[in-house]
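Asker: this is a predicted model, with the sequence first.
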Amino acid sequence: MTKIISVPTTIAAAQKMLKNKEITALELTNLFIKRIEKFDDVLGSYLETSFDLARESAKKLDESGDFSAPLAGIPYSLKDVISKKGLKNTAGSKILENYVSPYDATVTELLEKSGAILLGKVNTDEFTQGSSCENSALKLTKNPWNIAKVPGGSSGGSAASVAKHLGLFSIGTDTGGSIRQPANFCGVTGLKVSYGRVSRSGIISYASSFDSIGPIAPTVDCVAKVLKVIAGYDKKDSTTLDISVENYSDKINGENALSDLSGKTIGVIKEFTDAEGFDINLKKSFEDTIAKVKELGGKIKIISLPLTKYAIPTYYLLVKAEASTNLARYDGIRFGETANVKNLADQYTKTRSEFLGEEVKRAIMMGTYTLSAGYFDAYYIKAAKVRTLIKQEYEKAFTEVDAIIAPVTPFSAFNVGEKTSDPLAMYLADIFTVTANLAGICGLSIPTEKVNDLPAGIQILGKAFNEIEILEIGSVLEQKYKFSEVRERELV
Ligand code: GLN
């Protein structure tokens, strides 16, 4: 007789089932594969699956009987900008539609060593540029809470698949909000790590001085467990720092785990709460979070970060400049598709015109303009200076507060197609998230409750390399809200 087992909804629950031999790694993998087969036609989160490989690895694990590796048997997915040897790495772009990675990214290697089981690659806005996943040239991903809505972006495939339990975690990237914002729209947890905490080696970059790699997962503990595996110095990425990696999960669950927020001073950014266009219901929900922090013994301190008003222009100016140089390699010669051409000039222009999407072309034009001789000082250098000032503003704030709580997005998940014709409106989706990337600090997005009939949440921002602080605070707030119960009731 076949056992009927319901899908575990956290990494810890899956580990317990594996340990107690209630389920084999292969059965666990098959549970998730079945869910993908059942639900992903509608959801559209996976671009490529690697089920044979997954089953093979799970079987090997069962045969070895050794489940001591930290994520042994845990099924997951990778955003389709993270290399896995032998699988495609499309970046959601037509130009890389048939490109196959020749090697593993460092994170992929680390996850493999940790025993995690890769189910496949998930959708992203093209070259991770976007806030709704609609810039993917390959697939439309929908929000599992309401399929008329976008899942957010650019890690929309990661967030949608994790929310629908089509994997126990996913690795995404956050350049200006691409982990925190889709996690928020889909009611899951997402961590933007400090710049330099996780290796970027083997990732298709958007803006190299902003990109960060991190987990999207059901709960804070799941995120903590994955972070332990992927964090740390890597000689292949000279921007990673050799700062010790803690046992985050043990710390948030152990004997000395925080039970409340007493002794913590939590900042609230005045310029965020006063922001124009901040949805009134989300604002109320955020005020409720402030009240909860106080109930939990935390001290709220209102802080002013006046440079916030320059964040969006500074961010977009700098990332599009970096993007324009990073994208120069996609000319159809070394990578990807090539147009049918007769001469070298056409090789570049036709290939790029034909195979790159609107937002990416916008980046190339904007970036090339701001980097060109006559405009470099006025735009790029100026923005780089403002970036430094924003960073200093945050550094100063963190001398007064332990962490900052903030909204993640000014509005709830919007309708598919609603903002595609207005790039500026789309850029404003990132108004609360880009500063963390400008400053290089860490941020954890956690769901709190349903607002406007969709998931809502907050982000907790922490000092660079102080991931433990925001995970601890996040875990306390998570226990107060218990949003997982809502998600499991509605999406499992
Ligand atoms: N939406 C933002 C952008 O297009 C953020 C993207 C990201 O973090 N990758 O730049």
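Answerer: Arrived safely, thanks for sending. What you are looking at is a predicted structure, and each value in this text was computed from that prediction instead of being measured.

Asker: count of neighbours near the closest residue to residue 45 other than its chain neighbours?
Answerer: Using C-beta to C-beta, 6 or more residues apart in numbering and skipping the chain neighbours, the partner closest in space to residue 45 is residue 161 (3.9 Å). From N, CA and C alone the C-beta is placed, and that goes for glycine too. Neighbour count of residue 161, defined by other C-beta atoms under 10 Å: 35.

Asker: okay, residue 161: pLDDT?
Answerer: With respect to pLDDT, residue 161 scores 98.

Asker: that one: what's it in contact with?
Answerer: 36, 40, 43, 45-46, 77, 122, 167, 170 (C-beta atoms under 8 Å, 6 or more residues apart in numbering).

Asker: how about residue 64?
Answerer: Shown in contact with residue 64 (C-beta under 8 Å, 6+ apart): no residues.

Asker: tell me the pLDDT of it.
Answerer: 97.

Asker: what's the answer for residue 339, then?
Answerer: Looking at residue 339, its pLDDT stands at 85.

Asker: now do residue 3
Answerer: Looking at residue 3, the pLDDT reads 65.

Asker: then residue 28?
Answerer: Taking residue 28 on its own, its pLDDT is 98.

Asker: tell me how far the residue positioned nearest the centre of the chain lies from residue 255.
Answerer: Compute the mean C-alpha point of the chain, and by C-alpha atoms, centre = their mean the closest residue is residue 179, 2.0 Å away. As judged by C-beta to C-beta, to the nearest Å, residue 179 and residue 255 stand 30 Å apart.

Asker: residue 367 too?
Answerer: Separation of residue 367 from residue 255 (C-beta to C-beta): 51 Å.

Asker: who has more neighbours, the two?
Answerer: Neighbour comparison, residue 367 and residue 255: the larger count goes to residue 367, with 25 against 5 (by other C-beta under 10 Å).

Asker: quick check: which element contains the nearest residue to that one once chain neighbours are set aside?
Answerer: Nearest residue to residue 367 in three dimensions, chain neighbours excluded: residue 324, at 2.6 Å (C-beta to C-beta, 6+ apart). Assigning secondary structure by DSSP states H and E places residue 324 in helix 311-326.

Asker: likewise residue 171?
Answerer: Counting by DSSP H and E, residue 171 is found in strand 169-174.

Asker: that strand pairs with which strands?
Answerer: strand 75-79 (parallel), strand 212-217 (antiparallel) (DSSP bridges).

Asker: circling back to that earlier point, show me what contacts the residue nearest to the centre of the chain?
Answerer: 155, 158, 172-173, 190-192, 212, 214, 216, 445.

Asker: coming back round to it: does the ligand sit close to the helix holding residue 324?
Answerer: Yes. Counting by C-beta under 6 Å from any ligand atom, contacts between helix 311-326 and the ligand involve residue 319.

Asker: once you drop chain neighbours, what's closest to the residue nearest to the centre of the chain?
Answerer: Setting aside the residues directly before and after it, residue 179 is nearest to residue 190 in space (C-beta to C-beta, 6+ apart), at 4.1 Å.

Asker: can I assume the one you found sits in a helix?
Answerer: No. Assigned with DSSP: H, G, I helix; E, B strand; the rest coil, residue 190 falls outside any helix and is strand.

Asker: quick one: it and residue 182 touch, right?
Answerer: Yes. Between residue 190 and residue 182 there is a contact at 7.2 Å, judged by C-beta atoms under 8 Å.

Asker: what residues do these two have in common as contacts?
Answerer: Common contacts of residue 190 and residue 182 (C-beta under 8 Å, 6+ apart): 155, 159, 172, 216.

Asker: how much space separates the nearest residue to residue 299 once chain neighbours are set aside from residue 87?
Answerer: The spatially closest residue to residue 299, leaving aside those adjacent along the chain, is residue 265, at 4.8 Å (C-beta to C-beta, 6+ apart). Counting by C-beta to C-beta, the gap from residue 265 to residue 87 is 46 Å.

Asker: between these two, which is the more surrounded one?
Answerer: More neighbours surround residue 87 than the other of residue 265 and residue 87, with 22 against 13 (other C-beta under 10 Å).

Asker: residue contacts, the more buried one?
Answerer: Contacts for residue 87 were tallied using C-beta under 8 Å, 6+ apart; they are 48, 50, 100-101, 120-121.

Asker: cutoff 7 Å now
Answerer: Contact analysis of residue 87 by C-beta atoms under 7 Å, 6 or more residues apart in numbering lists 48, 50, 100-101, 121.

Asker: what does the stretch 1-150 of the chain put close to the ligand?
Answerer: Applying C-beta under 6 Å from any ligand atom, one finds that the stretch 1-150 of the chain approaches the ligand through 128-131.

Asker: got a list of contacts for stretch 353-367?
Answerer: 93-95, 126-127, 129-130, 135, 137, 320-321, 323-324, 327, 336-337, 339, 423.

Asker: what's around the closest residue to the ligand within the stretch 301-450 of the chain, how many residues?
Answerer: Nearest residue of the stretch 301-450 of the chain to the ligand (C-beta to the nearest ligand atom) works out as residue 430 at 4.8 Å. Using other C-beta under 10 Å, residue 430 has 26 neighbouring residues.

Asker: mind checking how far it is from residue 28?
Answerer: With the distance defined as C-beta to C-beta, residue 430 ends up 36 Å from residue 28.

Asker: just put the strands paired with strand 169-174 in JSON lines and tack on mean pLDDT and mean neighbour count.
Answerer: As requested, the strands paired with strand 169-174 are exported to JSON lines (pLDDT from 0 to 100; neighbours: other C-beta atoms under 10 Å):
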{"stretch": "strand 75-79", "mean pLDDT": "99", "mean neighbour count": "30"}
{"stretch": "strand 212-217", "mean pLDDT": "98", "mean neighbour count": "30"}
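
Asker: so where do the strands sit in the stretch 251-400 of the chain?
Answerer: For the stretch 251-400 of the chain, applying DSSP state E, counting those that start in this stretch gives strands covering 265-269, 299-303.
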